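**Student:** below are the sequence and a predicted model; questions follow.
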Amino acid sequence: MTKRPLVYKGRGSVSNAAGRFEKQTTRWEDDGWNGLDADLPPLATETIVDTSRSLITYNQSPDIPFDRSINPYRGCEHGCIYCFARPSHAYLGYSAGLDFETRILVKPDAAAILRDELGRRNYRCAPLALGTNTDPYQPLERQFGIMRQILQVLAECRHPVSIVSKSALIERDIDILADMAAQGLASVFISITSLERELARKLEPRAAAPQRRLQTVTRLRAAGIPVGVMVAPVIPVLTDPELERIVRSAAEAGAQSAEYILLRLPLEVADLFREWLQQHYPLKAEHLLNRVRDSRDGKVYDPSFHQRLRGTGAYSDLIGQRFRLISKRTQLHTALPALRCDLFRKPAPGGQMSFDCFD
């Protein structure tokens, strides 16, 4: 019997296979009452308190420009089908499919944990990255306000921060970000995958519409916040024809810089994306996946440093050449200003600031 896709309105994945570490799996079975033909009920979001006692994650990756990051949420309600962070849900005992976008772990005490970590005697300041795994401004942020609390701590400590998001909710925190940016402490990248509304709705069902993100670029720039656009991911066949249009639109909206990342399909994401293609774009599926293999040495994914972000081979080289040409024409080929670390001051116990900035 053909497996029925789990098509829920406002959700990206069309399945919820067990995580790769699980010993048991489940599947749909027809019990003779035609239950598989009935409409699926709404799928609500479940929030789970994350009790981990650390917040800052460190890395030594040679192909990314930061060595530390924060994720206020684990899982992401935006439901982007291509999200490379989906496999991380398997470590929690959940599926990388629908679980990733409906069972979200939140860290309500994140600001307090951050204050403690920044105040440790051996802590040395370097730019913190937010939004590099899951979006810190996903819909649940309206309810919890964790990201704003984190920014308040960083502003008090004069700690530099860079943010990547595809949400217009970041405009709520323009007051904090503008003050930090005036001191050289904040920059933002808005992620845009496609300018086609229907395609974007299927790819990123609960993220802001593409035109709304361009409006956010304009508003951030008007507030004096350094802002760029991240064309991520560039999806062969599906979105790569829009590459030049996206960069030109970003420049017109006020962006100062542009970057791109080629589609990444690690672990469970490969099967999830393949299922999504068969559901929404079956006639393009095989052509698209062949172009992915062309850019990954014949494989669906290559995790090698440097290659994982841009790919290899003639197709990926062509994407890179097109991007360099359009970003140079629109004057978005330069990086955003470097963030300052020399203003950092550690928080003192009890929430008061220390006057000893360099202990």
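**Tutor:** It's in. This one's a predicted model, so the numbers in the text were calculated from it and none came from an experiment.

**Student:** only C-alpha atoms for contact and neighbour calcs from this point on.
**Tutor:** Will do.

**Student:** number of nearby residues for residue 213?
**Tutor:** If you count neighbours by other C-alpha atoms under 10 Å, residue 213 ends up with 24.

**Student:** give the closest residue to it in space, chain neighbours not counted.
**Tutor:** Leaving aside its chain neighbours, residue 213 sits nearest to residue 168 (6.1 Å; criterion: C-alpha to C-alpha, 6 or more residues apart in numbering).

**Student:** likewise for residue 91?
**Tutor:** The spatially closest residue to residue 91, leaving aside those adjacent along the chain, is residue 21, at 7.5 Å (C-alpha to C-alpha, 6+ apart).

**Student:** which secondary structure element contains the one you found?
**Tutor:** Secondary structure assigned from DSSP states H and E places residue 21 in neither a helix nor a strand.

**Student:** give the contact list for the residue nearest to residue 213.
**Tutor:** For residue 168, the contact set (C-alpha atoms under 8 Å, 6 or more residues apart in numbering) comprises 208, 212-213, 216.

**Student:** in a helix, residue 296, correct?
**Tutor:** No: when the secondary structure is assigned by DSSP: H, G, I helix; E, B strand; the rest coil, residue 296 falls in coil instead of a helix.

**Student:** my guess is it contacts residue 303. True?
**Tutor:** No: between residue 296 and residue 303 there is no contact under C-alpha atoms under 8 Å: 9.3 Å.

**Student:** neighbour-wise, which of those two wins?
**Tutor:** Counting neighbours by other C-alpha under 10 Å for residue 296 and for residue 303 shows that residue 296 has the greater number, 23 against 13.

**Student:** Three-state assignment for residue 151, please.
**Tutor:** From three-state DSSP, the assignment for residue 151 is helix.

**Student:** OK, contacts around it?
**Tutor:** By C-alpha under 8 Å, 6+ apart, the residues touching residue 151 are 176-177.

**Student:** Three-state assignment for residue 229, please.
**Tutor:** strand.

**Student:** residues touching it, list them.
**Tutor:** Contact partners of residue 229, counting by C-alpha under 8 Å, 6+ apart, are 189-192, 247, 250, 255, 257-259.

**Student:** can you do 6 Å?
**Tutor:** The contact partners of residue 229, by C-alpha atoms under 6 Å, 6 or more residues apart in numbering, come to 189-191, 258.

**Student:** all strands for the stretch 101-250 of the chain, in order.
**Tutor:** Ranges of strands in the stretch 101-250 of the chain, per DSSP state E, counting those that start in this stretch, are 103-106, 128-130, 161-165, 186-191, 227-234.

**Student:** could I get those strands as TSV with mean pLDDT?
**Tutor:** Shown next, in TSV, are the strands of the stretch 101-250 of the chain (pLDDT from 0 to 100):
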stretch	mean pLDDT
strand 103-106	98
strand 128-130	98
strand 161-165	98
strand 186-191	98
strand 227-234	98
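
**Student:** distance to residue 179 for the ones you listed - can I get that in CSV?
**Tutor:** As requested, these are arranged in CSV below (distance: least, C-alpha to C-alpha, whole Å):
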stretch, distance to residue 179
strand 103-106, 27
strand 128-130, 17
strand 161-165, 12
strand 186-191, 9
strand 227-234, 14
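
**Student:** of all these, which one is nearest residue 274?
**Tutor:** In terms of C-alpha to C-alpha, the element of the strands of the stretch 101-250 of the chain nearest to residue 274 is strand 227-234, at 15.7 Å.

**Student:** longest helix of this protein?
**Tutor:** For the chain, the longest helix by residue count, based on DSSP state H, is helix 313-329.

**Student:** that one vs strand 227-234, what angle?
**Tutor:** Angle between the axes of helix 313-329 and strand 227-234 is 160 degrees (criterion: axes from the mean of the first three to the mean of the last three C-alpha atoms, to 10 degrees).

**Student:** could you dump helix 313-329 to CSV, C-alpha only?
**Tutor:** Coordinates of the C-alpha atoms in helix 313-329 are reproduced here as CSV (Å, rounded to 0.1, in the frame of the first residue of the first chain):
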residue,chain,number,x,y,z
GLY,A,313,32.1,20.9,-9.9
ALA,A,314,30.8,22.9,-12.9
TYR,A,315,27.3,23.6,-11.7
SER,A,316,28.4,25.0,-8.3
ASP,A,317,31.2,27.0,-10.1
LEU,A,318,28.5,28.5,-12.3
ILE,A,319,26.4,29.5,-9.3
GLY,A,320,29.4,31.1,-7.7
GLN,A,321,30.3,33.0,-10.9
ARG,A,322,26.8,34.3,-11.2
PHE,A,323,26.6,35.4,-7.6
ARG,A,324,30.0,37.2,-7.7
LEU,A,325,28.9,39.0,-10.9
ILE,A,326,25.6,40.2,-9.6
SER,A,327,26.8,41.1,-6.1
LYS,A,328,29.6,43.2,-7.6
ARG,A,329,27.2,44.9,-10.0
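
**Student:** contacting residues around that helix?
**Tutor:** Counting contacts by C-alpha under 6 Å, 6+ apart, the residues outside helix 313-329 that touch it are 244, 295, 333.
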